[in-house]
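J.: heads up, no residue letters with this:
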């Protein structure tokens, strides 16, 4: 019975096939193709890894490029490293679009970041001339300061051209020609992802018989064109390259694109400023055969994956799965304009006829730079303060003491005057007894009495003499040492700091008042 059933199934299978391949044969052929494909991929992986590459990132400090690089997948960096002239990190390159090899490491991409154009002489040291074929240049801009975009772009392009020229000239002429031809060929034969998708859909319609013939003609035309480019020898095929061909892929990244909306609100007048920014940057990228990407690192990031995938596509020929985005708005700012996917016609098509911002206007005219606030300039301004001289300082203290402790100082000064009156009476007594008084040049008055004892009244800036009518006179002592004045000031303030008794503090204020008064009297005379 089993044998008969097998024969029936076999005969029915043959009848259904209509003389064609059996189901078993088709299954075997599909299995063979799958195994061949897997073996081919394994052989390719085992043949050796891809060469390491270099991404050179240039742009002004704090323009947002650092935040963009931090969001790259598989990025490795040292968080404790100090940034000096350059910042270094690297990425582990993987093809995330291949389900069979998405975990395999293809290569390592070195990333060098420079913030200061004055260190441009270091750039040629980061690359060897032979490594230019495994390099990508990236110039970054800050859209939160659009008035400075044009100046920054021209500056860094000039720096990049100078550094590249120093390396490019070290190559043999045939190597130079190969690099230039590679860029020209890519830009000339580029086909956008959207176009390729349309080709695949047309091919599927042909396979399923759901086409009237037009799709088949389009698919045949595009397929034949690409096949012709692949089959023809590079030496016999001429490609129209960009006006400025560096021989190395160039990407212009506009960072902080989400900030452009906020900046535009503060600008005077009306008009689509976003369209102006996109148009001018596309024109510059078209001149250099460069790719333009608008990015933002806010939140999960915008176009970060697109940028990284495109870099790997140019370095390692991984599949490009992101379609071009040639137009946008301030809210939908994620532009992606690959090299070779743009031209003057497309740029002018999106340009409004009545735009108030023609091509002749510069970024600084469309986006006037805001004036710095007065408050900020006042805070940051350095103010010089002159120190008072000793005389002015002491006079200030004198006024402060009079305003704060006027009554106490007055009563204390009377006690000081009583001390001086006592000295006068002592002089009168000595005069009647034939004593004499003489003034010393050191600023001391010696009064000799009948008993031969001597009383001394010290003055730091004046000497006191007693006249015959009993009046006291003070005059400036020429050549009075300044050190004694300074010592008296130090002693006075030290006594104020060390004294704890209230009565002593009162006497100290009185002595201070008398001391300052003596200095003023000495200056007047």
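T.: In hand now; what should we look at? Bear in mind the structure is a predicted one, so any value in this text is a computation, not a measurement. Numbering: from 1, shown residues only.
J.: figure out the length between the terminal residues of stretch 314-333.
T.: One end of stretch 314-333 to the other measures 23 Å (Cα to Cα, to the nearest Å).
J.: who touches the helix or strand containing residue 253?
T.: Residue 253 is part of strand 250-255 when elements are defined by DSSP states H and E. Outside strand 250-255, the residues that touch it by Cβ atoms under 8 Å, 6 or more residues apart in numbering are 59, 63-65, 67-68, 136-143, 149, 153, 160, 277, 281, 284-285, 288-297, 307, 310-311, 335, 339. C-betas here are computed from N, CA, C, even on glycine.
J.: ok, residues contacting stretch 170-180?
T.: 129-130, 132-133, 168, 241, 245, 247-248.
J.: ok, back up a step: given the strand holding residue 253, what are its sheet partners and their directions?
T.: Using DSSP bridges, the strands paired with strand 250-255 are strand 135-142 (parallel), strand 291-294 (parallel).
J.: pLDDT score for the residue lying closest to residue 239 once chain neighbours are set aside?
T.: For residue 239, ignoring the flanking residues on the chain, the nearest one in space by Cβ to Cβ, 6 or more residues apart in numbering is residue 184 at 3.8 Å. With respect to pLDDT, residue 184 has a value of 95.
J.: tell me the SS of residue 184?
T.: At residue 184 the chain is in helix, as set by DSSP: H, G, I helix; E, B strand; the rest coil.
J.: show me which of the contacts of stretch 170-180 are buried.
T.: 129, 132-133, 168, 241, 245, 247-248 (16 or more other Cβ atoms under 10 Å).
J.: inside helices: which ones of the residues you listed?
T.: If you go by DSSP state H, these have residue 168 in helices.
J.: now the buried ones among the contacts of stretch 170-180 in TSV, with distance to residue 363 and pLDDT?
T.: Shown next, in TSV, are the buried ones among the contacts of stretch 170-180 (distance: Cβ to Cβ, whole Å; pLDDT from 0 to 100):
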residue	distance to residue 363	pLDDT
129	35	94
132	31	96
133	34	94
168	30	96
241	27	87
245	25	96
247	29	95
248	26	97
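J.: the strand holding residue 253: what's the following helix or strand?
T.: helix 260-265.
J.: looks like residue 293 contacts residue 335 (just checking).
T.: Yes: the criterion here is Cβ atoms under 8 Å, and residue 293 meets it with residue 335 at 7.1 Å.
J.: more neighbours, these two?
T.: More neighbours surround residue 293 than the other of residue 293 and residue 335, with 29 against 22 (other Cβ atoms under 10 Å).
J.: okay if I get the contacts of stretch 170-180 as CSV plus distance to residue 107?
T.: Shown next, in CSV, are the contacts of stretch 170-180 (distance: Cβ to Cβ, whole Å):
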residue, distance to residue 107
129, 20
130, 16
132, 16
133, 13
168, 23
241, 27
245, 25
247, 21
248, 17
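J.: and the helix or strand harbouring residue 199, what does it pack against?
T.: Using DSSP H and E, residue 199 sits within helix 193-208. Contact here means 3 or more Cβ pairs under 8 Å, 6 or more residues apart in numbering; DSSP states H and E; on that basis helix 193-208 packs against helix 214-231.
J.: now the helix it packs on: mean pLDDT?
T.: Mean per-residue pLDDT for helix 214-231: 42.
J.: for the nearest residue to residue 123 once chain neighbours are set aside, the count of nearby residues, please.
T.: Nearest residue to residue 123, sequence neighbours excluded (Cβ to Cβ, 6+ apart): residue 163, at 3.6 Å. Residues near residue 163, counting by other Cβ under 10 Å, number 22.
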